[in-house]
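S.K.: What follows is a predicted structure for the sequence shown.
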Amino acid sequence: MNKRSRVKSSLLNLRIVWIWQLIYMVVKFVSRRFFSQAMPVEYLGVESLYTNLIGILDIAELGITTAVTSALYMPLAKGDNEAIGKIMATFASFYRVIAGIIVCIGLIITPFITLISSDLKGLDYIHITFLLYLLASVLSYIWGYKSILLTADQRNYVYVRNHYVCILFQNVIQVLVLLKWHSFMGYVIVMFIARFIEYGNISRITNNIYPFLKGSKQNNTQIRNKILNDVKQVAVGKIGNSIIQSTDSIIISNVLGLYIGGLYSNYWLIISSTLAIIIQFPNSLTASIGNMVAEGNETQINNMFWIIFLLNTSLFAVSSVLLGVLVQPFIDLWLGDSFRLQYIGVAAYIVVFFLSGIRSQLNSFKTARGLFQYESIRSVLECGTNLLISIILAHYIGLVGVALGTIISSFCIGLPIELYNLSKGYNINMKKYLFYIAYLIISMLLIWFVCLHIQGKVLLAGIAELAAGSVSTVVIFTIIWVVLISWTPIFKMTANYVRKRLK
């Protein structure tokens with residue numbers, strides 16, 4: 001794929017994902033408002049808890065998706081349909097085994113789920129609703145796995161369109177169920193039906209786009225061994241990432257209770273929805289980077305690393321400042337001030353959001369070149385540190401302590417090891433990166449403080465005020481940010497690149 005095609009495909013993926021994600025955000029926030037009015041707050045905690053428990057069960061995937069994605073880039077670049085078919089057939093055989101493992105583990109833990117939080121014992125249909133969440137996850141391994149080929153082939157927009165149409169259908173029907181019956185069971189049944197439709201449809205769509213997949217039923221021993229070798233390197237990393245991403249809600253529910261877990265889930269919906277939009281920027285470029293790696297243009301790859309670094313960091317910095325300034329007024333407007341958490345805990349999770357963002361670029365470049373050799377040690381150290389700090393501090397300083405476990409382990413362990421790993425496959429100056437990231441973080445925190453101080457003098461009580469606050473925050477951020485970084489060589493390189501793209 002030539003450079004122009006890569007850019008066009010990346011921009012198409014990015015544009016479609018952002019449009020659908022924005023539509024989804026609006027519908028999801030409306031749905032959550034009805035949920036908060038129709039059901040006790042504890043059920044918000046239950047939904048968050050289920051999602052994170054399923055996330056931990058997904059450990060059984062062991063990073064196979066990452067290994068398969070990396071393996072697909074070369075045959076896609078060469079147009080080798082036979083090799084692609086063999087890889088996908090091998091992938092399917094792995095996923096059938098994983099689906100079986102997840103079902104077995106899920107059935108084993110279901111009777112004991114109320115031990116996680118004593119608050120669960122007083123709620124209805126806990127075991128049945130958890131099983132429906134479990135089966136919905138299993139469907140993704142039976143049918144939904146084919147979407148990985150669309151992503152690797154820079155056709156992620158096809159998957160995104162199907163996914164969000166089904167999710168929007170799900171949310172609309174769920175609101176009607178809540179209004180009519182106030183039933184959590186009905187709410188979960190609608191979710192399961194929507195997932196069934198979504199994964200079945202994406203399987204059909206992918207088969208239509210790649211008809212040669214239907215004839216690729218035999219997996220290949222050589223490909224299987226190659227994927228297994230890569231999985232050995234990323235498996236521990238996958239396990240660690242799943243634990244890090246999924247345990248916060250479980251720790252909060254266990255130590256602080258389902259009520260705090262429910263309040264936390266509202267804030268995390270805002271933060272994670274923002275993350276889902278912004279992270280599409282580095283994610284949409286992974287396949288393009290993979291194609292560049294396949295073509296072997298190291299100078300171009302190195303330049304793109306720094307351009308993407310600055311653009312990605314800038315996007316996450318302005319988003320972090322916007323969240324920091326507007327999240328509390330938004331909660332008041334959306335759900336009411338009784339759903340507020342203390343600001344310091346919220347701010348800590350905005351920092352988690354920012355760290356996730358800057359690491360997403362490193363992950364895109366790592367996956368594009370298949371650099372997984374240090375994943376195991378990184379995962380063990382980061383995951384262990386995260387859990388230890390989070391569990392201990394949760395008992396002493398509550399929600400802030402849980403977030404600090406993620407922040408400290410990410411910034412002090414995960415980020416440095418990932419950067420070192422990346423430097424082994426790319427011509428990247430680690431000292432230069434660390435200097436820039438430290439400088440940009442300090443700049444972001446300074447602007448955050450300035451914007452918070454300015455907006456704190458204005459009452460943001462309505463939609464118009466929030467919109468005006470958003471615009472003014474972006475303007476203030478942009479002016480100060482450009483002033484602070486305009487002297488850097490990477491700013492000049494990025495500005496020149498953007499100007500050329502706009503011509």
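M.R.: Sure, I can see it. Nothing here was measured: the structure is a model prediction, and the numbers come from that model.
S.K.: which residues touch the lowest-mean-pLDDT helix or strand in the chain?
M.R.: Lowest mean confidence among the helices and strands of the chain (mean pLDDT, DSSP states H and E): helix 280-295, at a mean of 71. Residues outside helix 280-295 that contact it (CB atoms under 8 Å, 6 or more residues apart in numbering): 1, 6-7, 9-10, 13-14, 17-18, 21, 69-70, 73-74, 76-77, 151-154, 156, 300-301, 304, 308, 311-312, 315, 360-361, 363-365, 367-369. For every residue, glycine as well, the C-beta is placed using N, CA and C.
S.K.: for residue 182, what are its contacts?
M.R.: Per CB under 8 Å, 6+ apart, neighbours of residue 182: 38, 39.
S.K.: one more time with 6 Å
M.R.: Residues in contact with residue 182 (CB atoms under 6 Å, 6 or more residues apart in numbering) are residue 38.
S.K.: cool, and residue 376?
M.R.: Residue 376 makes contact with residue 236, according to CB under 6 Å, 6+ apart.
S.K.: does it sit in a helix, a strand or a coil?
M.R.: Using DSSP: H, G, I helix; E, B strand; the rest coil, the structure places residue 376 in helix.
S.K.: moving C-terminal of the least confident helix or strand of the chain, what's the next helix or strand?
M.R.: The helix or strand immediately downstream of helix 280-295 is helix 298-334, counting by DSSP states H and E.
S.K.: Go through that next one and flag the buried ones.
M.R.: By 16 or more other CB atoms under 10 Å, the buried positions in helix 298-334 come out as 301, 304-334.
S.K.: Can I get the buried part of the contacts of helix 280-295 as one ChimeraX selection?
M.R.: Of these, the buried ones go into a single ChimeraX selection, burial set by 16+ other CB under 10 Å:
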select :1,6,9,10,13,14,17,18,21,69,70,73,74,76,77,151,152,153,154,156,301,304,308,311,312,315,360,361,363,364,365,367,368,369
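S.K.: now, which of the contacts of helix 280-295 lie within helices?
M.R.: Within the contacts of helix 280-295, residues falling in helices by DSSP state H are 6-7, 9-10, 13-14, 17-18, 21, 69-70, 73-74, 76-77, 151-152, 156, 300-301, 304, 308, 311-312, 315, 360-361, 363-365, 367-369.
S.K.: show me the contacts for the closest residue in space to residue 252 that isn't next to it in sequence.
M.R.: Setting aside the residues directly before and after it, residue 252 is nearest to residue 261 in space (CB to CB, 6 or more residues apart in numbering), at 4.8 Å. Contacts for residue 261 (CB under 6 Å, 6+ apart) come out as 45, 48, 252, 253.
S.K.: can you tell me the helix or strand for residue 261?
M.R.: Take DSSP H and E as the rule and residue 261 turns out to sit in helix 258-278.
S.K.: Can you read off the backbone torsions of residue 80?
M.R.: Here is the backbone geometry of residue 80 (degrees, to the nearest 10): phi -90, psi 90.
S.K.: Could you do residue 486 as well?
M.R.: Here is the backbone geometry of residue 486 (degrees, to the nearest 10): phi -60, psi -20.
S.K.: Before we move on, what's the pLDDT of it?
M.R.: With respect to pLDDT, residue 486 scores 94.
S.K.: tally of neighbours for it?
M.R.: If you count neighbours by other CB atoms under 10 Å, residue 486 ends up with 10.
S.K.: what does residue 99 give?
M.R.: Look at residue 99: counted by other CB under 10 Å, it has 19 neighbours.
S.K.: tell me the SS of residue 487?
M.R.: Under three-state DSSP, residue 487 falls in the coil class.
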